[in-house]
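Q: Build me a model:
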Amino acid sequence: MSRFVRDSLIDDYGCAPEQVDVIGAAPNLPPPSAPLDNAGYSNRTVLFVGIDWERKGGPLLIEAFRKVREKLPTRA
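A: Predicted coordinates for the structure are as follows:
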């Protein structure tokens with residue numbers, strides 16, 4: 001997840017440096033090659049990633065979307 005973790009695995013746990021890689025904590029997808037078309041806020045998809053709902057701000061996200069729906073109600 002980080003250089004710190006890599007160094008700890010090598011220094012503290014004796015792992016061979018050539019066997020430890022830093023991958024990071026990001027999606028393994030390339031960024032889009034062109035900007036997403038979201039004219040008029042038509043793209044209404046949200047992805048929440050995390051298992052710690054409270055700490056990651058899940059309740060705040062739900063409250064924010066209640067407010068968004070007041071301003072941008074679902075279209076038929």
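
Q: Quick check: the most far-flung residue of the chain relative to its centre vs Pro31, distance?
A: In terms of distance from the mean C-alpha position of the chain, Gly14 ranks first, at 31.2 Å (C-alpha atoms, centre = their mean). Separation of Gly14 from Pro31 (C-beta to C-beta, to the nearest Å) stands at 37 Å. To be clear about C-beta, it is placed using only N, CA and C from the backbone, and glycine gets the same treatment.

Q: helices and strands around the helix or strand of the chain with the lowest mean pLDDT, which ones?
A: Least confident helix or strand, the chain: helix 58-71 with a mean of 88, by mean pLDDT, DSSP states H and E. On a contact count with 3 or more C-beta pairs under 8 Å, 6 or more residues apart in numbering; DSSP states H and E, helix 58-71 meets no helix or strand.

Q: residues making contact with it?
A: When contacts are defined by C-beta atoms under 8 Å, 6 or more residues apart in numbering, helix 58-71 is touched by residues 46, 48, 50, 53.

Q: that older thread, check contacts around the residue farthest from the centre of the chain.
A: Contacts for Gly14 (C-beta under 8 Å, 6+ apart) come out as none.

Q: Roughly how far does it sit from Arg6?
A: 13 Å.

Q: can you pick the most crowded of the contacts of helix 58-71?
A: Within the contacts of helix 58-71, most neighbours by other C-beta atoms under 10 Å means Trp53, with 12 neighbours.
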